[in-house]
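Q: Dropping the sequence and predicted coords here.
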Amino acid sequence: MKPTLVLVGRPNVGKSTLFNRLTRTRDALVADMPGLTRDRHYGHGKLGDRPYLVVDTGGFEPLAKDGILHEMARQTEQAVAEADAIVFMVDGRAGITPQDKEIAKKLRRNPRPVVVAVNKAEGMERGVAAAEFHTLGLGEPLAISAAHGDGVRALLEQALAHFPEEEAAEAEDERAASLKVAIVGRPNVGKSTMINALLGEERMIAFDQPGTTRDAIGVDFERGGRRYMLIDTAGLRRKGRVFEAIEKFSVIKTLQSIEGANVVVLVLDARQDISDQDAHIAGFVIESGRALVIAVNKWDGLDAYRRSQIKSALEARLRFLDFADFHYVSALKGLGLNLVFRSVDAAYRAATADLSTPRLTRVLIDAAARQTPPRNGIFRPKLRYAHQGGRNPPVIVIHGNALDKLSDAYSRYLERAFRDAFRLKGTPLRIQYNTSDNPFAERKPAERSRRRPRGEAARGAVGRQGAPKTDSAKAGKVVKVAAKAVSGESGKFAKSPESGIGKPRRAHR
Ligand SMILES: Nc1nc2c(ncn2[C@@H]2O[C@H](COP(=O)(O)OP(=O)(O)OP(=O)(O)O)[C@@H](O)[C@H]2O)c(=O)[nH]1
Ligand SMILES: Nc1nc2c(ncn2[C@@H]2O[C@H](COP(=O)(O)OP(=O)(O)OP(=O)(O)O)[C@@H](O)[C@H]2O)c(=O)[nH]1
């Protein structure tokens, strides 16, 4: 399982700046999906090949006794208790404050590894910046600059040092005997009721004790002749011979169980409006590349008018989930769960499908024949062939020329064509473009200006020169999804959850 890093520190030390830096590549994956907003508090990151999850706790207020700050402190304490490693951020310019000491006191009692990050240390002598923070009693502090990136790699290396590198285990897991299912959703949507309904009905096979605290508890069960493992999200506890879901909502458990699952069942509450939290959890599932089934719960006792109202509201708000099956269920009455599991199976099949190169290419060529990729300036994108670049989620790599000039709308058109042809229902799908050299890219500027075509076209050609993609284009590898992440790196990041952190230009599921 991916290790989870939790960022703590008093307000304004730079946690969200660091969070953005640690998670910046994720933006490219899920941008451009209508209606999808992202939570600024949790996301994916990578150090080289090593993936991790990161959670920004935002204003940790250990001194608050009641009200909203108290609630925030409670959530932070829960995150700290569930973290794999903690990054404790302090402000190297402000020096130690009483609040820092208070937080340090709590962290010293925590058994998890803690790294002290002394932020805003750019332009300062590293040793000097970090020196006074030794007195926090949490080991060697590291001087960093979240804004400029200095020291961030060393910080990550230290924070992740305790965790073994993930090996090819995941690929093996894919074919494991039982299909791993996570049932997730915000508090009170009925997850526990659903889990109890599932487990209560079914014969228990085994109960896996957690080997370490990082391993989620899983419960095996059989349904319709197939084996599943339900990954613990709601806090499954054994009560005599039955299992009971008891614990309260936990962000980290939710993230980890999504990561550990083959298929995620996202439970929504038909009687409540869709909230940002619902959309954020869904967004995280897509980011993780997990197959997804939606269960709209509490469907019992609603009249026809109310039901149609709810359906159209869901459609409007969750358009970015149109690749997934929606089921309208009642966990309380045990209705509709069979259909949910049928979709779970189908989504997993789609996620792990083998897509043959000849068929992919045929679908691509047919799609291009039905609708030619529109010209973009002087560029006429040309689609040549496609092959599968990965599974779970499926990755389709398309080869051709000037593919970085394809519009988002055309990309979505291609995605629909692949989804229809291969019946890829319930799984995110990633499309990558591998474009051949741009004939203008290698020429010297002088030569280019001599040969410059007129008008729009000329501006297009010159404009490309400074684009961040040029290097990778030369290498014959423009992977569109990655392009923006690079350009979003510098400068100030917005903090609003709606702001999309530097708005990637385009991306694909
Ligand atoms: N000089 C300098 N300023 C920084 C650095 N990192 C963050 N800042 C600034 O510090 C201020 C606070 O940064 P945030 O990332 O919002 O801090 P935070 O800890 O998330 O704050 P809360 O959300 O209130 O908890 C902003 O004005 C940042 O621009 C850094 O490395 N160097
Ligand atoms: N009418 C109706 N009520 C339901 C249904 N499923 C759950 N509920 C009720 O919704 C409430 C919340 O259900 P839980 O199963 O505790 O929800 P949860 O998502 O596990 O909530 P947390 O434990 O807080 O994460 C309870 O009062 C349930 O009885 C349903 O299908 N129909």
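A: Received the coordinates, thanks. Numbers count the residues shown, from 1 in each chain. Ligands and ions are numbered 1, 2, ... in the order given.

Q: max-length strand in this protein?
A: The residue-count maximum for a strand in the chain (DSSP state E) belongs to strand 382-390.

Q: Neighbouring strands - and their directions - for it?
A: Sheet pairing here is set by DSSP bridges, and for strand 382-390 it gives strand 395-401 (antiparallel).

Q: Spit out the contact partners of the nearest residue to residue 380 once chain neighbours are set aside.
A: The shortest distance from residue 380 to any residue that is not its chain neighbour, by CB to CB, 6 or more residues apart in numbering, is 6.6 Å, and that residue is residue 402. To be clear about C-beta, it is placed using only N, CA and C from the backbone, and glycine gets the same treatment. Taking CB atoms under 8 Å, 6 or more residues apart in numbering, we find residue 402 in contact with 376, 379, 380, 381, 382, 435, 438.

Q: Tell me, what's the model's pLDDT at the residue nearest to the fifth one when sequence neighbours are not counted?
A: Counting by CB to CB, 6+ apart, residue 382 lies nearest to residue 401, which is 4.4 Å off, once chain neighbours are set aside. Model confidence at residue 401, given as pLDDT, is 89.

Q: neighbours around residue 401, how many?
A: For residue 401, the tally of surrounding residues (other CB atoms under 10 Å) stands at 17.

Q: That one and ligand 2: what is the separation?
A: Distance, residue 401 to ligand 2, using CB to the nearest ligand atom, to the nearest Å: 50 Å.

Q: can you check residue 252 too?
A: For residue 252 relative to ligand 2 (CB to the nearest ligand atom), the value is 14 Å.

Q: Remind me which helix or strand that residue belongs to.
A: Assigned by DSSP states H and E, residue 252 falls within helix 251-260.

Q: Read off the pLDDT value for residue 17.
A: Residue 17 is assigned a predicted lDDT (pLDDT) of 89.

Q: so where do the helices sit in the stretch 301-450 of the chain?
A: Along the stretch 301-450 of the chain, counting by DSSP state H, counting those that start in this stretch, helices occupy 304-317, 337-351, 357-370, 408-422, 445-450.

Q: What's the mean pLDDT across the last one?
A: Which is helix 445-450. The predicted model assigns helix 445-450 a mean pLDDT of 41.

Q: likewise stretch 231-241?
A: 51.

Q: Please apply the same query to stretch 325-339.
A: For stretch 325-339, mean pLDDT rounds to 93.

Q: For residue 358, see how far away the residue in the stretch 201-350 of the chain that ligand 1 sits nearest to is.
A: As assessed by CB to the nearest ligand atom, ligand 1 sits closest to residue 251 within the stretch 201-350 of the chain, at 16.2 Å. Between residue 251 and residue 358 the computed distance is 44 Å (CB to CB, to the nearest Å).

Q: Please identify which of these two sits among more neighbours.
A: residue 251 (23 against 10).

Q: Distance-wise, check that one relative to residue 49.
A: As judged by CB to CB, residue 251 and residue 49 stand 25 Å apart.

Q: Local confidence estimate at residue 388?
A: Note on residue 388: pLDDT of 95.

Q: now residue 416
A: Among the per-residue scores, residue 416 shows a pLDDT of 92.

Q: can you list the residues of this protein near ligand 1?
A: For the chain, the residues in contact with ligand 1 under the definition CB under 6 Å from any ligand atom are 9, 11-17, 58-59, 119-120, 122, 145-148, 492, 495.

Q: need the residues of this structure near ligand 2, please.
A: The chain has residues 185, 187-193, 234, 248-249, 297-298, 300, 330-332 near ligand 2, with proximity defined as CB under 6 Å from any ligand atom.

Q: Those in strands, which ones?
A: Counted as lying in strands by DSSP E, out of those, are residue 297.

Q: Show the buried residues in the residues of the chain next to ligand 2.
A: When burial is judged by neighbour count using 16 or more other CB atoms under 10 Å, the buried members of the residues of the chain next to ligand 2 are 185, 189-193, 234, 249, 297-298, 330-332.

Q: Which two of the residues you listed have the greatest separation?
A: Comparing every pair within those by CB to CB identifies 249 and 330 as the most remote, at 21.0 Å.

Q: where do the strands sit along the stretch 151-300 of the chain?
A: Along the stretch 151-300 of the chain, the stretches classed as strands by DSSP state E, counting those that start in this stretch are 179-184, 204-207, 218-223, 226-231, 236-239, 242-245, 263-269, 291-297.

Q: next one: the stretch 1-150 of the chain
A: When secondary structure is read from DSSP E, counting those that start in this stretch, the stretch 1-150 of the chain shows strands at 4-8, 42-47, 50-56, 85-91, 114-119, 142-143.

Q: Going by mean pLDDT, which of the ones you listed comes out lowest?
A: Among the strands of the stretch 1-150 of the chain, strand 42-47 carries the lowest mean pLDDT, at a mean of 81.

Q: buried residues in the longest strand of the chain?
A: Residues of strand 382-390 classed as buried: 383, 384, 385, 386, 387, 388, 389 (neighbour count, 16+ other CB under 10 Å).

Q: Can you tell me which of those comes closest to ligand 1?
A: The shortest distance between ligand 1 and any of the buried residues of strand 382-390, using CB to the nearest ligand atom, involves residue 389 and amounts to 35.2 Å.

Q: Hmm, that closest one is touching residue 398, no?
A: No. Using CB atoms under 8 Å as the test, residue 389 is too far from residue 398 to be in contact (9.6 Å).

Q: hey, what's in contact with both of these two?
A: Listed contacts common to residue 389 and residue 398 are residue 432; contacts here mean CB under 8 Å, 6+ apart.

Q: Return the residues in contact with the closest residue in space to residue 45 that isn't next to it in sequence.
A: By the measure of CB to CB, 6+ apart, the closest residue to residue 45 outside its immediate chain neighbours is residue 22, 4.3 Å from it. Shown here is residue 22, whose contacts under the criterion CB under 8 Å, 6+ apart are 5, 43, 45, 54, 152, 156.

Q: quick check, nearest of the residues you listed to ligand 1?
A: The shortest approach to ligand 1 among those belongs to residue 152, at 9.4 Å (CB to the nearest ligand atom).

Q: With adjacent residues omitted, what lies nearest to that closest one?
A: In space, and not counting its chain neighbours, residue 152 is closest to residue 144: 5.6 Å by CB to CB, 6+ apart.

Q: where does this structure have low pLDDT?
A: Under the criterion pLDDT under 70, the flagged ranges of the chain are 25-40, 59-75, 165-177, 200-218, 232-250, 437-509.

Q: Now do the domain split for it, please.
A: Each structural domain of the chain that the record assigns through automatic domain parsing is listed here as a residue range: 4-160, 174-350, 357-423+429-487.
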